[in-house]
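In: Predicted coordinates and the sequence they were generated for:
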Amino acid sequence: MIRAGRHHLVRTLADLAAQHGVGIDRYTRLKPYEAEGFPAPVSSEGARTRLYDGEQVDAYLLGKPVPPLPAKGDDDDLLDRRECAAVIGVSPRSWDTYKHDPALTGARVEVGGVDHWPRGAVKAFQDSRPGRAASATAGGRPRHVGDQVPRDQVPELTAELLDADPAISAATVTAQLGVHRDTAQDALTRLRADRIADRIADDPALTPAQAAAALGYPAGQVRRAAARAETVLRARRAAPYLHDVATALHRAGWTTTAAAPDVQFPGDDRVVAALVLDSDRAPAPALVWDERYGWRTAASRRHPLTKGAALPSEGGGVRYLAGGITPPPADVVAALTP
C-alpha cells in the first residue's frame, strides 16, 4: 500500500530505469530491484505493476540506511485492488465489480498508472453496504416485505458470499441479504454456472460435475447450475459468429452500432440472442437467433423474444430465414434485403 501522504514519492519501474539512465527493457533484464537490500515494492504482492517509495530507493542508491515506512494504518493510506478486496473480505474479482459504486468511483486515485482507493473510503463503503444488518437475522426476509437489497446489487453481494463459502445454500443467502428465496437461488445458479463454465474453459477435459466438484460446490446443489454452464459454454462458442452478423448488419446500414446481440438463456437450457435493427430503413424491427433453428425476424423492437419454449408462428412480422443454424453473415443480410 501507499502510506498516507506519500503518493507523490511513488515511482514505477520506468521511473527507476530513467533514474539509472537506461531503457525499461534493459532495466527489467538486469533486475537491480531484486538485489539484496533493495526496498520492497509498496504495491501488493502479485500486482502487475510494481511501485516503489522514491525516498527509500534514493537512500538505498546513496548507500544510506533505508528509512522505514509508517507502520500504523491510516484512513488516508492508498490501497490497490488486491488490498481493497482483502479489507472487505472478498476476492479481487468481486472488487472489480464493487469499485463501480458511486461511493468508490469518486474516491479513486491513480498513482503510477494504477487505481487506488483510500482505506477510509473502502471501510465506509463496507459499513454502508446493503444487507449487512440483515445477516443478524436467521429468518431471512420477513413475510410481505420486499427484498432488502436492490436487485442489481444481488449478484455482486451473492458473489462475495460464494467466494467465502462455495457450499453456501440459497437459504443462507436469503438470511444474509434479506431477499426472497427464489432471488437467492437464481443468483447462486447463475454465478455457479459461469464459474463452472470458466473452469471447463481452462480444462476442457472436465465435465460440468467435475468442474463443480473442483470448485467446492456440493453435488446436490448444482444440478441446474451444471446444465446452465453447458448452455453458457455454447453461448460463448456462438459469440464470435453473432458478433460477425451484427457487424454485417451494421455495414448494411440497419443498425446504428455494431454491438453484438443480447444473449439470453431461457430456462437455462438454450441460447437465444436478440439484435434490434434501429435504423429507419431496416427491413424488420429486430432479429432473433435461436440455437435450435437459426434466425427469424421479430415484430417488436421492445420485446423481440417470446416467452416459453414454443416457436412463434410465421406472420405478423415474424419470418424465419433459410440457411441453417449459422448461415454466413452475408447470407443473413441477403435474406433480409428487400
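Out: Sure thing, it's come through.
In: could you pull out the helices for the stretch 1-150 of the chain?
Out: 13-20, 24-30, 54-61, 81-88, 92-98, 102-105, 119-128 (DSSP state H, counting those that start in this stretch).
In: so which of these comes closest to residue 293?
Out: Closest to residue 293 of the helices of the stretch 1-150 of the chain, according to C-beta to C-beta: helix 92-98, at 35.2 Å. The way it works is simple: take the backbone N, C-alpha and C, and place the C-beta from them, glycine included.
In: Could I get the buried residue list for the particular helix or strand that has residue 172 in it?
Out: Using DSSP states H and E, residue 172 sits within helix 170-177. Neighbour counts over helix 170-177 (16 or more other C-beta atoms under 10 Å) mark 170, 172, 173, 174, 175, 176, 177 as buried.
In: Helix or strand next in line after it, which one?
Out: helix 181-202.
In: contact partners of that following helix?
Out: For helix 181-202, contacts defined as C-beta atoms under 8 Å, 6 or more residues apart in numbering pick out 140, 147, 151, 154-155, 158-159, 162, 168, 170-171, 173-174, 177, 206, 208, 211-212, 214-215, 217, 221-222, 224-226, 228-229, 231-233, 236, 268.
In: what's the answer for stretch 7-26, then?
Out: 2, 27-28, 30, 32-33, 42, 49-55, 57, 61, 78, 109, 111-113, 116.
In: Span of it from start to end?
Out: 26 Å (C-alpha to C-alpha, to the nearest Å).
In: I'd like the mean pLDDT over that stretch, please.
Out: In this model, stretch 7-26 has a mean pLDDT of 92.
In: Could you turn the buried ones of the contacts of helix 181-202 into a PyMOL selection?
Out: Those of the contacts of helix 181-202 that count as buried under 16+ other C-beta under 10 Å are selected in PyMOL with:
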select buried, resi 140+147+154+158+159+162+168+170+173+174+177+206+208+211+212+215+217+221+222+224+225+226+228+229+231+232+233+268
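In: In helices, which of the contacts of helix 181-202 appear?
Out: Among these, the members falling in helices (DSSP state H) are 154-155, 158-159, 162, 170-171, 173-174, 177, 208, 211-212, 214, 224-226, 228-229, 231-233, 236.
In: Need the winner for burial among the helices of the stretch 1-150 of the chain.
Out: Ranked by mean neighbour count under mean count of other C-beta atoms under 10 Å, the helices of the stretch 1-150 of the chain are led by helix 81-88, which reaches a mean of 20.
In: tell me what that one is packed against?
Out: When contacts are defined as 3 or more C-beta pairs under 8 Å, 6 or more residues apart in numbering; DSSP states H and E, helix 81-88 sits against helix 92-98, helix 119-128.
In: Going by neighbour count, list what's buried in stretch 328-336.
Out: 329, 331, 332, 333, 335, 336.
In: So the last one sits against residue 321, correct?
Out: To tie it back to what came earlier, the one meant is residue 336. Yes. The pair residue 336 / residue 321 is scored as a contact, 7.3 Å apart, by C-beta atoms under 8 Å.
In: count of neighbours near residue 220?
Out: Counted with other C-beta atoms under 10 Å, residues neighbouring residue 220 total 7.
In: Quick check: pLDDT value at it.
Out: pLDDT, residue 220: 81.
In: Quickly list what's touching both of residue 336 and residue 321.
Out: With C-beta under 8 Å, 6+ apart, residue 336 and residue 321 have common neighbours residue 297.
In: burial count for residue 235?
Out: That count, for residue 235 with other C-beta under 10 Å as the rule, works out to 19.
In: from what I can see it touches residue 265, true?
Out: Yes. The pair residue 235 / residue 265 is scored as a contact, 6.9 Å apart, by C-beta under 8 Å.
In: which neighbours do those two share?
Out: residue 271.
In: before we move on, back to that, go through the helices and strands packed on helix 81-88 and name the closest to residue 245.
Out: helix 92-98 (29.5 Å).
In: State the mean pLDDT of the closest one.
Out: Rounded mean pLDDT across helix 92-98 is 81.
In: what helices or strands is that helix leaning on?
Out: helix 81-88, helix 154-164.
In: can you put these in JSON lines and add mean pLDDT and distance to residue 274?
Out: Shown next, in JSON lines, are the helices and strands packed on helix 92-98 (pLDDT from 0 to 100; distance: least, C-beta to C-beta, whole Å):
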{"stretch": "helix 81-88", "mean pLDDT": "88", "distance to residue 274": "34"}
{"stretch": "helix 154-164", "mean pLDDT": "89", "distance to residue 274": "21"}
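In: Output the ones you listed in JSON lines; the columns should cover distance to residue 38.
Out: Shown next, in JSON lines, are the helices and strands packed on helix 92-98 (distance: least, C-beta to C-beta, whole Å):
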{"stretch": "helix 81-88", "distance to residue 38": "21"}
{"stretch": "helix 154-164", "distance to residue 38": "34"}
